[in-house]
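Enquirer: here is a sequence together with a model predicted from it:
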Amino acid sequence: DSGVTQTPKHLITATGQRVTLRCSPRSGDLSVYWYQQSLDQGLQFLIQYYNGEERAKGNILERFSAQQFPDLHSELNLSSLELGDSALYFCASSVGGTVYNEQFFGPGTRLTVL
Amino acid sequence: DQQVKQNSPSLSVQEGRISILNCDYTNSMFDYFLWYKKYPAEGPTFLISISSIKDKNEDGRFTVFLNKSAKHLSLHIVPSQPGDSAVYFCAASEYGGSQGNLIFGKGTKLSVKP
């Protein structure tokens, strides 16, 4: 158990809908990362927050947004969902915001868009 | 275009023998490299890392080698154990580590047979 929790574990929804994925980082970790793993793909970095502020951004679609709240939990919002958004979404957390701080991954949320 | 490539989707080795997982990268600005291990239904876990100023880093049974001129790194597991069976992801970072975002390969599935 990495100490990072993600809810829900599974999510099935329809095209055009909007969903929210939630992540609670390990106690004491200030940085949260979101990654997307599509079928047969490696993990694609989406976005990083550090202590409530956006630190780095990857190839995150405009239909996707995220935020980190004062209690350090984070939410990833996906809207106008398309079939291609079906994927595993991982959240990770680390103490600091640099690559030298080990990232601890949650178990992921599996999103299926029908 | 993939910046981190793991060209072998799978690898099978006998227990007790050496496992060698390979990774190639294209971006010469990458300066920090990591390996993650992933079991089914779990998030990835950090295994070992190496900075571009080194060419080797060892941690128990795991050794990572970096060949900057060839833009190639490899992970050696000696001796391999059945519990090492997992998907191994190679990841890289640039920006001198100032940001935490990682660029992952697609992974290599290692099967260690008893």
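Expert: Now that the structure is in, tell me what you want to look at. Residues are numbered from 1 along each chain as shown, chains lettered A, B, ... in the order given.
Enquirer: please count neighbours and contacts with C-alpha atoms only from this point.
Expert: OK.
Enquirer: identify the residues contacting residue A:53.
Expert: The contact partners of residue A:53, by Cα atoms under 8 Å, 6 or more residues apart in numbering or on different chains, come to residue A:68.
Enquirer: what does it show for phi and psi?
Expert: phi -110, psi 140 (degrees, to the nearest 10).
Enquirer: how near is it to residue A:69?
Expert: In this view, residue A:53 and residue A:69 are 9 Å apart by Cα to Cα, to the nearest Å.
Enquirer: excluding its backbone neighbours, what's nearest the closest residue to chain A within chain B?
Expert: Relative to chain A, the nearest point of chain B is residue B:106 (3.7 Å; Cα to the nearest Cα). Leaving aside its sequence neighbours, residue B:106 sits nearest to residue A:42 (Cα to Cα, 6 or more residues apart in numbering or on different chains; 3.7 Å).
Enquirer: kindly report the same for residue B:23.
Expert: residue B:6 (4.8 Å).
Enquirer: which helix or strand lies directly C-terminal to the worst-scoring helix or strand of chain B on mean pLDDT?
Expert: When the helices and strands of chain B are scored by mean pLDDT, DSSP states H and E, strand B:103-104 comes last with a mean of 92. Reading on from strand B:103-104 to the C-terminus, the next helix or strand found by DSSP states H and E is strand B:108-113.
Enquirer: residues contacting whichever residue of chain A sits closest to chain B?
Expert: Nearest to chain B, among the residues of chain A, is residue A:42, at 3.7 Å (Cα to the nearest Cα). By Cα under 8 Å, 6+ apart, the contact list for residue A:42 reads B:89, B:104, B:105, B:106, B:107.
Enquirer: likewise for residue B:59?
Expert: Residue B:59 neighbours (Cα under 8 Å, 6+ apart): residue B:48.
Enquirer: hey, what's it bridged with?
Expert: Bridge pairing for residue B:59 (DSSP bridges) gives the partners residue B:62.
Enquirer: related to what we said a few turns ago, max pairwise distance over the contacts of residue A:42: which two?
Expert: Pairwise distances across these peak at 8.0 Å for B:104 and B:107 (criterion: Cα to Cα).
Enquirer: out of these two, which sits in the more crowded spot?
Expert: residue B:107 (30 against 25; other Cα atoms under 10 Å in any protein chain shown).
Enquirer: gap between the closest residue to that one other than its chain neighbours and residue B:109?
Expert: The spatial neighbour of residue B:107 that comes closest, neighbours along the chain excluded (Cα to Cα, 6+ apart), is residue B:89 at 4.4 Å. Look at residue B:89 and residue B:109: by Cα to Cα, they are 9 Å apart.
Enquirer: that concludes my questions; thank you for your assistance.
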